[in-house]
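J.: Kindly generate the corresponding structure for this input.
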Amino acid sequence: MVRSHAFRIPLAVVAVGAIAAIVASTAAADISGPCTASIAGQNVQGRGTGAFGDAITVEKNAVVPVTMNARTQISHLKIQIEFAGMRWTVRDKPSHGPSWANSVNVKKYSKYGVGLYKVIGSSSGGTSCSGAALVRVKGNPLSTPAGIIGLIAALLGLGGIAGTAALALHSGAMGIGKSLLGLIAGLLGGLGLAVLLQQYAVVYPSMIAAIAFVGGGAVVGVGLTLLGKILSSGAAAAAS
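T.: Just a heads-up that it's a prediction; the model follows:
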């Protein structure tokens, strides 16, 4: 049983570290440069863009006004959406005058999911500015492909972790096969949980948060399998 306690301590440290990484990824969203910007009539200045940032809420089927204003000419404007560190561009065109305004059809960008996303805008030319804000798209996650896939992945991952741990507990032998199954189940479960929390607008999956969820799932998957083997070995030793 000493080995069991020795194992639980590093596992607890990893879990605390993962939570700390998610909390620490909450960054302030400030406008860089002499500009102002708004989404759905709300100023993006001073909002967080990390895992638990202050998101601007919009309806899934809404047409949302987006604006940017500068003191001088804006000759080019680029707008991107970011998810787990990956970005795709929704506008990258020349602009004219010191201000820009447009309406965004949210449904066009929320075909596959709802929840939290990061919107990043940058201007260049006479005025160079950048800014970002979290946007929460309201809707039922389980009516979207992303929500359904996230739920299935989380259930399969958790079921796989429980099954592998139980197999190690009853068979006693660890083996590379069980460790690999625990690892895969943990990765799948962590990924599914991250997607579900994003879809339900609980946590925005910044790069740090995404790594923490997936890596934490892998640690739990392998760790519980190892714990099952340790407990089985201890029970066998006690019985003999």
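
J.: okay, CA-based contacts and neighbour counts for the rest of this
T.: Noted.

J.: Show me what the mean pLDDT comes to for the longest helix anywhere in the chain.
T.: Taking DSSP state H as the criterion, the chain has its longest helix at helix 207-239. Taken as a whole, helix 207-239 has a mean pLDDT of 80.

J.: In that helix, which residues are buried?
T.: Buried residues in helix 207-239, counting neighbours by 16 or more other C-alpha atoms under 10 Å, are found at 207-234.

J.: Check stretch 133-148 too.
T.: 133-139, 141-142, 144, 146-148.

J.: Then stretch 97-115?
T.: Neighbour counts over stretch 97-115 (16+ other C-alpha under 10 Å) mark 98-100, 104, 106-107, 110, 113-115 as buried.

J.: What of stretch 79-98?
T.: The neighbour-count check on stretch 79-98 (16+ other C-alpha under 10 Å) flags 79-84, 95, 98 as buried.

J.: can you name the two of these that are farthest apart?
T.: 84 and 98 (32.0 Å; C-alpha to C-alpha).

J.: related to what we said a few turns ago, can you put the buried residues of stretch 97-115 in a markdown table and add distance to residue 190?
T.: What follows is the buried residues of stretch 97-115, written out as a markdown table (distance: C-alpha to C-alpha, whole Å):
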| residue | distance to residue 190 |
| --- | --- |
| 98 | 45 |
| 99 | 43 |
| 100 | 40 |
| 104 | 32 |
| 106 | 28 |
| 107 | 28 |
| 110 | 23 |
| 113 | 18 |
| 114 | 19 |
| 115 | 17 |
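
J.: Show me the two of those residues that sit farthest apart.
T.: It's 98 and 113 that sit farthest apart of the buried residues of stretch 97-115, by C-alpha to C-alpha, at 34.2 Å.

J.: Report the secondary structure state of the residue nearest the centre of the chain.
T.: Geometric centre of the chain, nearest residue: residue 205, 1.5 Å, by C-alpha atoms, centre = their mean. With DSSP: H, G, I helix; E, B strand; the rest coil as the basis, residue 205 sits in coil.

J.: Run through this protein and note the low-pLDDT ranges.
T.: Along the chain, segments meeting pLDDT under 70 span 1-30, 171-175, 232-240.

J.: Could you rerun that using 80?
T.: Judged by pLDDT under 80, the chain has its weakly predicted residues at 1-33, 46-48, 50, 109, 124-127, 168-178, 228-240.

J.: Would you map the strands across it?
T.: Ranges of strands in the chain, per DSSP state E, are 28-29, 35-39, 42-43, 47-48, 56-59, 63-70, 76-83, 86-94, 99-105, 115-124, 129-138.

J.: what's the closest of these to residue 152?
T.: Here strand 115-124 is closest among the strands of the chain (C-alpha to C-alpha), at 17.3 Å.

J.: list the helices and strands that closest one packs on?
T.: On a contact count with 3 or more C-alpha pairs under 8 Å, 6 or more residues apart in numbering; DSSP states H and E, strand 115-124 meets strand 76-83, strand 129-138, helix 175-199.

J.: now the angle from the last one to strand 76-83?
T.: Read it as helix 175-199. 130 degrees (axes from the mean of the first three to the mean of the last three C-alpha atoms, to 10 degrees).

J.: Much appreciated, bye for now.
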